[in-house]
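S.K.: Build the 3D model from these lines:
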Amino acid sequence: MKKWMAMSILAVTFATPALARDTVYKIKLADVLAMPEAKGKLDKSVAFYLAGAKTPAVVETLGEGVSNKKTNSLGKSDEFGCKWAALSALIALQDTAKKKGANAVVDIVSYYKRSEFKSTTEFECHAGSFVVGVALKGNYARVGK
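M.R.: Here you go, the predicted model:
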């Protein structure tokens, strides 16, 4: 009897289709930069400019970079998870910019699964059942003031 019960549970488990969710959100970059957590982690030595946004004159470009960050969504709203993942991506871009001698990351686009989304104010975030992800691609640069 226990064997039949175990077999039935396994059959139901593997017969159930995966409940994959991929909800797309558009979040304002300014909302991430205004997070209290951002104030301690982004030191303002590197500025961030989304593609199409007005930037100071670019003096030198120092290469392209991609940051793809994910966070678990357990106990978080999708919006907060998106902001948290974006903050992690910005921190990674900031760290690489400093290593390259850049003071800005310009032309930032969302780059989730290598699909670009451009906006002068927003980035794209994907929320699944358990994971939230943000991928950002931009160019490291030295900009004038």
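
S.K.: which one's the longest helix in the protein?
M.R.: For the chain, the helix with the greatest residue count under DSSP state H is helix 78-100.

S.K.: for the following helix or strand past it, what is the average pLDDT?
M.R.: The helix or strand immediately downstream of helix 78-100 is strand 104-112, counting by DSSP states H and E. The pLDDT scores in strand 104-112 average 98.

S.K.: now swap in stretch 77-87 and tell me
M.R.: 97.

S.K.: Show me which positions of it end up buried.
M.R.: Applying a neighbour-count criterion of 16 or more other C-beta atoms under 10 Å, one finds 78, 81-87 buried in stretch 77-87. The way it works is simple: take the backbone N, C-alpha and C, and place the C-beta from them, glycine included.

S.K.: Now tell me what touches it from outside.
M.R.: 23, 25, 27, 29, 31-32, 35, 37-38, 41-42, 69-73, 76, 123, 125, 127, 132-134, 136 (C-beta atoms under 8 Å, 6 or more residues apart in numbering).

S.K.: Okay, strands next: where are they in the protein?
M.R.: 23-28, 47-50, 58-72, 104-112, 115-117, 122-127, 131-143 (DSSP state E).

S.K.: Can you say which of the ones you listed is nearest to D95?
M.R.: Closest to D95 of those is strand 58-72 (C-beta to C-beta; 9.3 Å).

S.K.: Direction included, what does the closest one pair up with?
M.R.: strand 131-143 (antiparallel) (DSSP bridges).

S.K.: list the buried ones in the partner strand?
M.R.: 132-143.
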